[in-house]
Each structure stands twice: as C-alpha cells, then as structure tokens.
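Q: got a predicted model here, sequence first, then my questions.
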Protein chains: 2
Amino acid sequence: MRLIRERADVLPVLTEVFRTHGYEGASLALISQHTGLGKGSLYNFFPGGKEEMAAAVLEGIDGWFHAHVFDPLRSHEDPRRGIEAMFEATDRYFHSGERVCIVGVFALSDVRDRFAARINAYFTAWRDALADALRRSGRDEASAANLAEEVVAGIQGALVAARALDDPGVFRRRIEWMQALI
Amino acid sequence: MRLIRERADVLPVLTEVFRTHGYEGASLALISQHTGLGKGSLYNFFPGGKEEMAAAVLEGIDGWFHAHVFDPLRSHEDPRRGIEAMFEATDRYFHSGERVCIVGVFALSDVRDRFAARINAYFTAWRDALADALRRSGRDEASAANLAEEVVAGIQGALVAARALDDPGVFRRRIEWMQALI
DNA sequence: GTCTATACTTTGATAGAC
DNA sequence: GTCTATCAAAGTATAGAC
C-alpha cells in the first residue's frame, strides 16, 4: 500500500505548493520534496512537466468550485440560500483570508497568457452563476450582473488586502459587507 | 550625453519590468535588455542586486502615491475633492485596469515576507488617508474606517478581475460603483 | 512506477579589462 | 561607469537502471 498511486493523490499537495509559491516559485525540487516523489515519478504522472501540473491544479480548483459554489448557486431552490452557501464555501476555502486564490495570482502574473482560457472561464462561471441567482431572487438583469461582478471582484480584493495588511480580519469584514449587499 | 546617468533614470524601466513579470519573472537578463545596461552597470547602481532593485521600485511607487494620492487626501480643503482626485489618479496610474499593482502582486506572492513592511505601509497609508478624508467629510469614525478598507480592497479586486476576465470595462465599472459609495 | 544520474539552460552575482 | 567573461547554483527535463 502506497500513499500515492495516481495523479489524484498528488493533486492536493501540488495545489498547496502552487498556492504558496506561485507558478515560477514552485520549483520541481520543492514539489518533489513536498510530494515525496522523485522527478521521474512526477514526469510519469505529468509527462507535460510543470505546465501540465499547473493545468491539473487549475482544473481541480475549477471542479471544486463548480461542485461547491457555482452549481449550488444555480440549482438551489431558494436562490438566497445558494448565495449564503457560496459565502460559506468561500470563507472555508480561503481559510478566512489566510489562503490566496491561485487563479487570481495567476491572473496577475505573466503566466496569465498561458492559462488565460482557464482563468477567464473560472471567473466568468462564478460571476454568471451568481448573477443568475441574484436575478432569480428578484433583481433585474442589469442590477444582478453588476452586483455579481462587484462581489466576485470584491472577494479577490479582500484576499489581496488581507495578505497585504497581514490581517485576516480584513477578509472577514469584507465578506460581511458583501453579504449585506445582497 | 547619456540616456541613463543615475538610479533615478533606471527606475521607471525597472518598475515596468517588475510590474509585467513579477519579482521572480524579472530576470537580470530581462532587466538588462530593457534598460540597455549590462549587468555590471546594474550592480554599480544597485550593489544589493535584484532585491535592492525591487526595494527601490516599491519606494518609488510609495513616493508617487504619497505625492499624488495620500497627501492630497489629507490636505485637500474639501475632502470630497481629495477623494475625487484619488479616483482620478488611480484610474490614470493603473491605465484604467490594464496595468496591475506591483504592491498587490508582491503581497500575493512568496516575496511578501521579504517586503512585508513596505507592502503593509503602502496599504495602511492609503486606507488611513482615505479614512481621514471620509471622516472629515462628515462620516463617523467606524463608518469611515470601514468604507476606506472597502475601497482600498475594492481597487485591488477590480484590478484582479479586470485582468482575469481580460476586460478593462470591469475596472471602470468597479471604480464608478465605489465612487457612488462615497 | 520509482529512483539516481545526468544533460542542458538559465539564474543571480562577481571579477577584471578598459 | 560600462562591458565581457566567468562562476556556482538552481532551473526544467530526460535517460536508463531497477
């Protein structure tokens, strides 16, 4: 019995390394150290090397958010409950602002172009799913779209500010503020 | 007559390279290429190497924001005009969302610890100067502090979202939304 | 599948000629 | 002050033994 038998087992560790160090900072040596796998094994799982690892990480994140955030936003009978669930999942996922958003970090760096499609898809899906829930909760199209954009951007800003000021309280207060907007 | 005679002449180019490629992505080769200076010359200006270059860039940005944003926020006779000037300067500086904020990028990366003091000082100065203007414009202490935090974080979020969605319109709309909050 | 060894490139930094 | 040459270290990636 081994701890790691397939790509899916490496993914969480990989995600954490990329989140902590960014794309360029996540060296293969660091990845090898954290996963406990030699470079040969890593290339066995990811023949495309580092780029394929990062792509898998982004895909995994996208999958998680679809399952726990985007889909509930769209399918919840009571749209307000879906939005509530979104804020809870977001707070949990980002450890109340102590974690950063890899997709946001990638968007700001020069690897954005390489993963542009995935990054764009993630933010678009979030914004549109939230806008849909807001419209179903009674808002007109324009107001729903605007508020959705505001909240999606606001979460990213809360993460940046919390890290910059080294104060998770910033994240908590911004989330509460946004919840009051709904 | 030379194009570059002192540190101050290199700084704008340096800033642009760090903004575009981040700390790790801004290799000396890239910097040498964009400044037109050999590595020897660069180390003549910055004996501390890349870290000193990045520190100089952050200091330059801090100086610019103090002169064009923070100080006007505090000293403008009519605080609302100071806030108006802040939004205008911000929009100009970030090229309406086409540029990113180096300080924000650094805050999200793993070089944050190395420049933590400078990063924190930049965001603290912005938030506090804005809170002061809001208080002078009639808001109570708590409301001013909260709104200042919201706007400072909101600008960062607008930059992330605009880059991620590859749509400067996002930045423009978020700025307008925040202006309406004041 | 996993490891070690290795190839090859790029990195930040230094030395020294001019 | 500026350049070229060079260094040691770290980077990604590959090869091949087991």
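A: Thanks, I have the structure now. Because the structure is predicted, anything quoted here is derived from the model rather than measured. Numbering: from 1, shown residues only, chains lettered A, B, ... in the order given.

Q: flag the shaky bits of chain A, pLDDT-wise.
A: Judged against pLDDT under 70, the low-scoring parts of chain A cover residues A:1-4.

Q: can you tell me which residues in it are near DNA strand D?
A: For chain A, the contact set with DNA strand D under Cβ under 7 Å from any atom of the strand comprises A:26-30, A:39-40, A:43, A:47, A:49-51. (Each C-beta comes from the backbone N, C-alpha and C, glycine too.)

Q: tell me the buried residues in the helix or strand harbouring A:Gly40?
A: Applying DSSP states H and E as the criterion places A:Gly40 in helix A:39-45. Within helix A:39-45, the residues scored as buried using 16 or more other Cβ atoms under 10 Å in any protein chain shown are A:42-43, A:45.

Q: if we can go back for a sec, farthest-apart pair in the residues of chain A next to DNA strand D, please.
A: Using Cβ to Cβ, the residues of chain A next to DNA strand D reach their maximum pairwise distance at A:Leu30 and A:Pro47, which is 19.9 Å.

Q: who has more neighbours, these two?
A: Remark: of A:Leu30 and A:Pro47, A:Leu30 carries more neighbours, 14 against 8, as counted by other Cβ atoms under 10 Å in any protein chain shown.

Q: relative to B:Ile155, how far out is that one?
A: Between A:Leu30 and B:Ile155 the computed distance is 32 Å (Cβ to Cβ, to the nearest Å).

Q: then A:Ala148?
A: Distance from A:Ala148 to B:Ile155, counting by Cβ to Cβ: 19 Å.

Q: neighbour count: the two, which is higher?
A: The residue with the greater number of neighbours, taking A:Ala148 and B:Ile155 and applying other Cβ under 10 Å, is B:Ile155; the counts read 26 against 23.

Q: residue contacts, the more buried one?
A: A:157, B:90, B:94, B:101, B:174-175, B:178 (Cβ atoms under 8 Å, 6 or more residues apart in numbering or on different chains).

Q: between those residues, which is closest to DNA strand C?
A: Sorting the contacts of B:Ile155 by how near they are to DNA strand C, with Cβ to the nearest atom of the strand, puts B:Cys101 at the top with 20.9 Å.
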